[in-house]
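Asks: Structure for this input, please:
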Amino acid sequence: VRDEALYGTFNVGTGRELSVIELFNTMKAVSESASSVRFDAPRGGEQQRSAISSELLQSKSSWQLKTDLQTGLRETIHWFRVS
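Replies: A predicted model of the protein is given here:
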């Protein structure tokens, strides 16, 4: 982070679109879970797509994405299991 104070709200993401089922399958794989998924009909106003970008944070600081999704999920799941 640069020397000046950093204020505001910043998204942190890869900028790559990821579906709910892709996220579920990744979490299932890294946690070695036997869970299954069931989808209901979409609700009115429900967000259908999302791709979160970290460009604003990167432009205002020296922060850079270093951890891929699988590694980040694996480390987060491990933290919850041992805490």
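Asks: Poorly predicted segments of the protein, please.
Replies: Low-confidence regions of the chain, defined by pLDDT under 70, span residues 1-4.
Asks: just the helices in it please.
Replies: Along the chain, the segments classed as helices by DSSP state H run 20-31, 55-60, 69-82.
Asks: Go through the first one and flag the buried ones.
Replies: Going back to what we said before, that points to helix 20-31. For helix 20-31, a neighbour-count test (16 or more other CB atoms under 10 Å) marks 26, 27, 30, 31 as buried. Glycine gets a C-beta too; all of them are placed from N, C-alpha and C.
Asks: How about the longest one?
Replies: Neighbour-count burial for helix 69-82 flags 69, 73, 74 (criterion: 16+ other CB under 10 Å).
Asks: Contact partners for residue 18?
Replies: Residue 18 sits next to 50, 51, 69 when contact means CB atoms under 8 Å, 6 or more residues apart in numbering.
Asks: Using CSV, lay out these together with distance to residue 37.
Replies: Formatted as CSV, the contacts of residue 18 follow (distance: CB to CB, whole Å):
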residue, distance to residue 37
50, 18
51, 21
69, 18
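Asks: Was I right to think residue 56 contacts residue 9?
Replies: No - counting by CB atoms under 8 Å, residue 56 does not reach residue 9; the two are 9.1 Å apart.
Asks: From the buried residues of helix 20-31, pick the one nearest residue 61.
Replies: residue 26 (27.2 Å; CB to CB).
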